[in-house]
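Trainee: From the sequence below, what's the structure:
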Amino acid sequence: MNFESVQDDLLSPLLSVLPLAENYLQNLSPTTIIAYFFLIALMFWGYSLFKKYRVMQLESSLSSSRNIMRAARSGDPLMAGELYEQAQDYQQAIDAYKSVRAFQEVGRVHEHLKQWDDAAQFYRLSGDLEKSAIMYQRGGNYLQAAESYLSCNKNILAAEMYEKGREYKKAATQYEKFGKQLKSAHLYKLSEDYERAAEKYEAYFLKQKVVSSNHSIEKQQQVKQAAFESGTLYVKIKRFRKAMNIFSNADFPEQAADAAVHAGEIEKAAQFYLAAHLFEKAAKIYDAMGDEKQGHWIMAKKYQEEGDLLEAAKAFELGESWVEAAEMYGKAGDTTGAAEMYQHAGDYHRSADLFLANGNLDAAAKSLERGGRLEEAAELYVKMKKFDRAAQMQELIGDYYAAALLLKQEGHLDRCISYLQKVNPDSQDFFSASVLLGELLLERGMVSAAKDCLHKIIAKYPVSDKNIEVYYRLATLHESEKSFKEAEALYAAILQKDYNYRDAKQRSALLKKTLKEIKEQQNKIESKGSIKIANSAPNTPTRYKMIRKIGQGGMGVVYLAEDAILKRQVAYKILPQSIRENAAVLQNFLQEARIAAALNHPNIVTIFDTGKNADDIYITMEFIDGISLKHYLERYKSPLNERVEIMKSICRGVIYAHERQVIHRDLKPANVMLLKDRTVKIMDFGLAKMMTEGMQEKTTIKGTPLYMSPEQIVGEKVDMASDIYSLGCTFYRMLTNRPPFSKGDIYYQHLHTPPTPPKMLKSDIPSSLDKIILKCLEKRQEKRFKSVKTLLEALSHLTQVPALS
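Mentor: Got it, this is the predicted structure:
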């Protein structure tokens, strides 16, 4: 059938119906006619299009047939393939291309046909790996696509394909290579490689945290979420310490606390719970740790947040958080509680002010005292009639005179004396304090101490109307002690100021006469050159011949004499006048001298004889051709180990005497002699007591009490412990070149002031020796060595004493 026959078939029916149509149109309205006209035009236009399509179809069919025929006749497979493609004979085209290994073209044809896997394979064979990957991707074969992308180094695309193909771990590995830590972390998590995921999340967080200030809010949240994911995953794999650290760094305190508990970091867990305001959990942990104070503090913070101020205050108090407790009590209206807490905290100023406001004077005074507001504290103590405490405040201030007056008012005279002794000579109260001190010392019978006190006044103030009575009182004291020269000099000063003052003129005249008689008697003795002995050698009136005067001190005058009977040199000591004027004392002296004479030891000076010669009391003893320890220490520097040996020898002599119930009472360097071979000889054993009784001063000994025990100063019983104290003073002098107390009020210092450790003065002194000396110098007798024997044992146990000067 050709085109013309088809055209006649279509037109014949149309021509047959035209007359009918014309008749029909005559009966229609103009509008309807126009509509039909357009309909007819549209039909003719469609017919025209159909006609053209059929022409094209016929031409194509003819062209394809011709191309197929041409391709078959062609000897060029590539051209044949193209012609087959044009003829849409794709299989023939593929075969043609394959025959010449035109795999690129084969792949293209398969791509056209949407045969994606085949297209991919042939693209791969052609070497176009990227095109191959694209085909696999289009076909949904993501794993093959990933491998192809990897082959052409398209790693990011490969990672995307692995991800779409659910090979998450491989995808993560590729993303990791390109530094995409967050993406790789997410994929490691999906692959259930939680450790790698946690590490990548952590790495991302730490890197981004460095520049977090430049991030948007959304970015900051993303970074924080990465940290949360990291910590959560670390917990999942039980790496709790890592989890704790990452949670802490990212400000997830509760999660950090939970991880810390599992990690065994209990204290950190408590701190994290506290940061998360999970107070009860934190408190429980501290309680379990035994830190109840911190537990209370945490609960206090909880109550504080809840607005329960009183409970918060109580909890702070239980936790000893004093300042916070004070603040809470104050806010709760409990000012007394606040004051007590400030006191505990050491904020004495605020506590004192609050106690004063509440009228609690005693508590206020204590706070003022602790806060250093001593004058105000003293005023309050006086108001409360607590004079003793007020005195202590004045002492701390340094106003010793005011302190003494308060104690005198309370009747504490011993302590009053101690405070008066501390008044500085430069103080405006020095004169009044010294006068009062002298009176109190005299009342106690401490004549020598009273004299020392009054001497300080006259040394500082010339005689005047204000202090003339002090001069007079001191003069009478010297006179009563037969210190005639001193007394006469004081009377002379009084008369120079006021010639008619009391009976000073008569006393002065009498003393001048007495001094003249004494001088004549001394001249008479010295001119004779020898002394007749009344009781010791009746048949030899000139037994002891005086050779020369070799010394004089508080214990009398000493001469070197020759014993005419025994043909030996002796030390001949004439005792002071105070001994012979008292019959009872003289009898006791002779008894004690006989006891001392019985002491026979290499380290004790032997007493040969004692008795009376005319009006003199004498004692003869072993003559020591040597030097006193006092002079030895002043003149020579000796090794430390040599001095320790001297100490041991002194102890041996004292031990021997103590075993025979003889107490020395006046051990000091001046009473220890050293022979040329350093043999120790202790002098005057047992005589100090008689000298003291002879002077009728039970509470003092003449001279500066550099080596005197505290119990001797206050007139208590003197025993072997007193000798130990004096030995401590002597040994202290041997080690440091000074007594333990040598300046200021020595009486007071022996009674109350701890000595400076010898090692602080001489750093080379061994600590063990330092402790021995300090134990000897304990104020309380029971704290000293139990005996000189134990002291010697301690010295003997010293090891490696250096030979230092």
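Trainee: SS state for residue 708?
Mentor: coil (DSSP: H, G, I helix; E, B strand; the rest coil).
Trainee: can you check residue 750 too?
Mentor: When classified by three-state DSSP, residue 750 comes out as helix.
Trainee: cool, the one 5 residues further on as well?
Mentor: When the structure is reduced to helix, strand and coil (three-state DSSP), residue 755 reads as coil.
Trainee: how close does it get to residue 705?
Mentor: Per CB to CB, to the nearest Å, residue 755 is found 14 Å from residue 705. Any C-beta I mention is one placed from the backbone N, CA and C, and that applies to glycine too.
Trainee: Same question for residue 732.
Mentor: Residue 732 is 14 Å from residue 705, by CB to CB.
Trainee: can you check residue 430 too?
Mentor: The value you get for residue 430 to residue 705, if CB to CB is used, is 22 Å.
Trainee: Looking at the two now, which is surrounded by more residues?
Mentor: Set residue 430 next to residue 705 and count neighbours by other CB atoms under 10 Å: residue 705 wins out with 23 against 18.
Trainee: what packs against the longest strand anywhere in the chain?
Mentor: Counting residues, the longest strand in the chain under DSSP state E turns out to be strand 544-553. Under the contact criterion of 3 or more CB pairs under 8 Å, 6 or more residues apart in numbering; DSSP states H and E, strand 544-553 touches strand 556-563, strand 568-574.
Trainee: What strands flank the last one, and is each parallel or antiparallel?
Mentor: Yep, that's strand 568-574 we're talking about. strand 556-563 (antiparallel), strand 616-622 (antiparallel) (DSSP bridges).
Trainee: can you put those strands in JSON lines and add mean neighbour count, distance to residue 93 and mean pLDDT?
Mentor: Output for these, formatted as JSON lines (neighbours: other CB atoms under 10 Å; distance: least, CB to CB, whole Å; pLDDT from 0 to 100):
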{"stretch": "strand 556-563", "mean neighbour count": "20", "distance to residue 93": "151", "mean pLDDT": "88"}
{"stretch": "strand 616-622", "mean neighbour count": "22", "distance to residue 93": "149", "mean pLDDT": "86"}
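Trainee: Next secondary structure after the lowest-mean-pLDDT helix or strand in the chain?
Mentor: Across the helices and strands of the chain, mean confidence by mean pLDDT, DSSP states H and E is lowest for helix 687-695: a mean of 46. Sequence-wise, the next helix or strand downstream of helix 687-695 (DSSP states H and E) is helix 710-713.
Trainee: Using CSV, list the CA coordinates for the next helix or strand after that next one.
Mentor: Using DSSP H and E, the helix or strand that follows helix 710-713 in sequence is helix 720-736. Presented in CSV, the C-alpha positions along helix 720-736 are these (Å, rounded to 0.1, in the frame of the first residue of the first chain):
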residue,chain,number,x,y,z
MET,A,720,70.9,17.0,144.4
ALA,A,721,68.7,18.2,141.5
SER,A,722,69.9,21.8,142.3
ASP,A,723,73.5,20.6,141.7
ILE,A,724,72.4,19.1,138.4
TYR,A,725,71.0,22.4,137.3
SER,A,726,74.2,24.2,138.3
LEU,A,727,76.2,21.6,136.4
GLY,A,728,74.0,22.3,133.3
CYS,A,729,74.8,26.0,133.6
THR,A,730,78.6,25.2,134.0
PHE,A,731,78.6,22.8,131.0
TYR,A,732,76.6,25.4,129.0
ARG,A,733,79.4,27.9,129.7
MET,A,734,82.0,25.3,128.7
LEU,A,735,80.3,24.8,125.3
THR,A,736,79.2,28.3,124.4
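Trainee: just how off-centre is helix 720-736 within its chain?
Mentor: 38 Å (CA atoms, centre = their mean, to the nearest Å).
Trainee: any idea of the mean pLDDT for stretch 404-423?
Mentor: For stretch 404-423, the mean per-residue pLDDT is 84.
Trainee: still on that earlier bit, tell me the angle the longest strand of the chain makes with strand 556-563.
Mentor: 160 degrees (axes from the mean of the first three to the mean of the last three CA atoms, to 10 degrees).
Trainee: Go through strand 544-553 and flag the buried ones.
Mentor: Using 16 or more other CB atoms under 10 Å as the test for burial, strand 544-553 gives 544, 546.
Trainee: next one: it to chain centre, how far?
Mentor: 65 Å.
Trainee: What's the mean pLDDT across that strand?
Mentor: Strand 544-553 comes out at a mean pLDDT of 85.
Trainee: same deal with stretch 29-42?
Mentor: Averaged across stretch 29-42, the pLDDT comes to 79.
Trainee: Equivalent analysis for stretch 191-202, please.
Mentor: 88.
Trainee: Stretch 208-224 too?
Mentor: The average pLDDT within stretch 208-224 is 78.
Trainee: Pull it out as PDB, backbone CA atoms only.
Mentor: What follows is stretch 208-224, C-alpha atoms only, in PDB (Å, rounded to 0.1, in the frame of the first residue of the first chain):
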ATOM      1  CA  GLN A 208      38.400  22.100  67.500                       C
ATOM      2  CA  LYS A 209      38.600  23.100  71.200                       C
ATOM      3  CA  VAL A 210      41.800  25.000  70.500                       C
ATOM      4  CA  VAL A 211      39.900  27.400  68.200                       C
ATOM      5  CA  SER A 212      36.500  27.100  69.800                       C
ATOM      6  CA  SER A 213      36.300  30.800  70.400                       C
ATOM      7  CA  ASN A 214      35.900  31.400  66.700                       C
ATOM      8  CA  HIS A 215      33.200  28.800  66.300                       C
ATOM      9  CA  SER A 216      29.500  29.600  65.800                       C
ATOM     10  CA  ILE A 217      27.100  28.400  68.500                       C
ATOM     11  CA  GLU A 218      26.000  25.500  66.200                       C
ATOM     12  CA  LYS A 219      29.600  24.500  65.700                       C
ATOM     13  CA  GLN A 220      30.400  24.700  69.400                       C
ATOM     14  CA  GLN A 221      27.500  22.400  70.100                       C
ATOM     15  CA  GLN A 222      28.800  20.000  67.400                       C
ATOM     16  CA  VAL A 223      32.200  19.900  69.000                       C
ATOM     17  CA  LYS A 224      30.800  19.300  72.500                       C
END
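Trainee: Name the residues of it that are buried.
Mentor: So for stretch 208-224, counting by 16+ other CB under 10 Å, buried means 208-209, 223-224.
Trainee: Where helices are concerned, which of these count?
Mentor: Applying DSSP state H to the buried residues of stretch 208-224, the entries found in helices are 208-209, 223-224.
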